[in-house]
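> Structure of the sequence below:
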Amino acid sequence: MAKQQTEVRELDEGSYVMIDDAPCKINAYSTAKPGKHGSAKARIEAQGVFDGKKRSLSQPVDAKVWVPIINRKQGQVVSVQDGDAQVMDLETYDTFTMRVPEDVSLAPDDEIEYLEMEEQRKILRS
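Numbering: from 1, shown residues only. Okay, here's the model as predicted:
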């Protein structure tokens, strides 16, 4: 899996973290003061990048967590049919089918930006 390890204290809002084996984007990050016998705890509220589910994580700030390596890529729409877009990657010229988000309208020849992690892809904007 495309991921790397980091400490919880290195994370911040807008960055990515793996929660329940799903890549998530952090919406809120807060820390509590250290207790009498322990280290400070961080509370992370995040949303799944590819599935949209909300998840949370509470860990000591010195704990190790996995951070997914998500690539931001450019593509060109080849065709659109029944809520799916045939997209060609502008770097590798690979073509693949992606689900079109409901708030995005696409037409052939549109250039898009999308996120990719392993075999998962998501259209960001056109």
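
> And stretch 97-113, end to end?
Chord length of stretch 97-113, first to last residue, is 14 Å (C-alpha to C-alpha, to the nearest Å).

> Tell me the strands beside the strand or helix carrying Arg43, with direction?
Element membership for Arg43 (DSSP states H and E) is strand 41-48. Strand pairing for strand 41-48, using DSSP bridges, gives strand 22-32 (antiparallel), strand 54-60 (antiparallel).

> For that strand, give the mean pLDDT please.
Mean pLDDT, strand 41-48: 95.

> In it, which residues are buried?
41-42, 44-46 (16 or more other C-beta atoms under 10 Å). Heads up, the C-betas are built off the backbone N, CA and C, glycines and all.

> One more: stretch 15-28?
16-19, 22-26.

> Just the closest of those residues to Gly75, please.
When these are ranked by distance to Gly75 (C-beta to C-beta), Pro23 comes first, at 19.2 Å.

> so that closest one makes contact with Glu116?
No. Contact criterion C-beta atoms under 8 Å: Pro23 and Glu116 do not qualify, at 10.9 Å.

> Give me the residues contacting stretch 84-101.
73-80, 83, 106, 111-112, 114, 121-123 (C-beta atoms under 8 Å, 6 or more residues apart in numbering).

> Please report which of those has the highest neighbour count.
Within these, Gly75 tops the neighbour count with 26 neighbours, counted by other C-beta atoms under 10 Å.
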